[in-house]
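Novice: Using only what follows, build the 3D model:
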Amino acid sequence: MTILHIDSSIQGENSISRTVSAAIVERLKAQQPMLDVRYRDLAAQPLPHLTLPGFGTEEAATVLEEFLAADTVVIGAPMYNFTISSQLKAWIDHIAVAGKTFRYDETGNAIGLAGDKRVIVALSRGGYYGEGSAAAAIEHAETYLRAVLGFMGIAPEFIIAEGAAIGPEQRAAGLQSALDAVARLETETVAA
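Specialist: Have a look, this model is predicted:
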């Protein structure tokens, strides 16, 4: 079984999404020590943004194959300016490939081809953007990831840490809430 671990925060060791994504991988490995974990740090080694010539590169093929080969994908996703980082968006652009992760039927409906994967997203947000919050309407990280992964046939799981930029107490509480959710996470590595 293979886990693909993706981090996209520019915050390094101060990153909540990195802390939570690492905790998710450790929880899965503790239950299944023989897991093969592949790691990609999109901030340290960013992928090029999408260009027409970039579609046919060896790097683009490698990124897609890493994704397709993984049974479980763990994504560390901080919310920047109401959405995902440009580094994570570039990775998604490399894996959202017609005929590989989705296709259209004869009537134009999209059919996801990657639904055999479990995807767990460690999402961090500086404020409070969850359902029912005053800022929920401008949250475009979780909603985007649900949409694009759903388009590929995947129903992602989210572990969310909120309040990271409000103050030290809120940051600590948000992180602890997310780590508590990791402790309750089902450890089966492949979606049923």
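
Novice: host element of the most centrally placed residue in the chain?
Specialist: Centroid-nearest residue in the chain, with Cα atoms, centre = their mean: residue 75, separated by 2.9 Å. For residue 75, the enclosing helix or strand under DSSP states H and E is strand 72-78.

Novice: returning to that earlier point: from memory the residue nearest to the centre of the chain sits against residue 121, does it?
Specialist: Yes: taking contacts as Cβ atoms under 8 Å, residue 75 lies within contact range of residue 121: 4.8 Å. Heads up, the C-betas are built off the backbone N, CA and C, glycines and all.

Novice: Common neighbours of these two, please.
Specialist: residue 145 (Cβ atoms under 8 Å, 6 or more residues apart in numbering).

Novice: How is residue 66 assigned, secondary-structure-wise?
Specialist: Taken by DSSP: H, G, I helix; E, B strand; the rest coil, the conformation at residue 66 corresponds to helix.

Novice: Double-check it against residue 3; I have them as touching.
Specialist: No: at 10.9 Å, residue 66 does not count as touching residue 3 under the criterion of Cβ under 8 Å.

Novice: more neighbours, the two?
Specialist: residue 3 (22 against 18; other Cβ atoms under 10 Å).

Novice: Check which helices and strands the helix or strand that residue 39 is a member of is in contact with.
Specialist: Assigned by DSSP H and E, residue 39 belongs to strand 36-41. Judged by 3 or more Cβ pairs under 8 Å, 6 or more residues apart in numbering; DSSP states H and E, strand 36-41 is in contact with strand 2-7, helix 58-69.

Novice: Next, the buried residues of the helix or strand that the first one is followed by.
Specialist: Scanning forward in sequence from strand 2-7 by DSSP H and E, the next helix or strand is helix 16-31. For helix 16-31, a neighbour-count test (16 or more other Cβ atoms under 10 Å) marks 16, 17, 18, 19, 20, 21, 22, 23, 24, 25, 27, 28 as buried.
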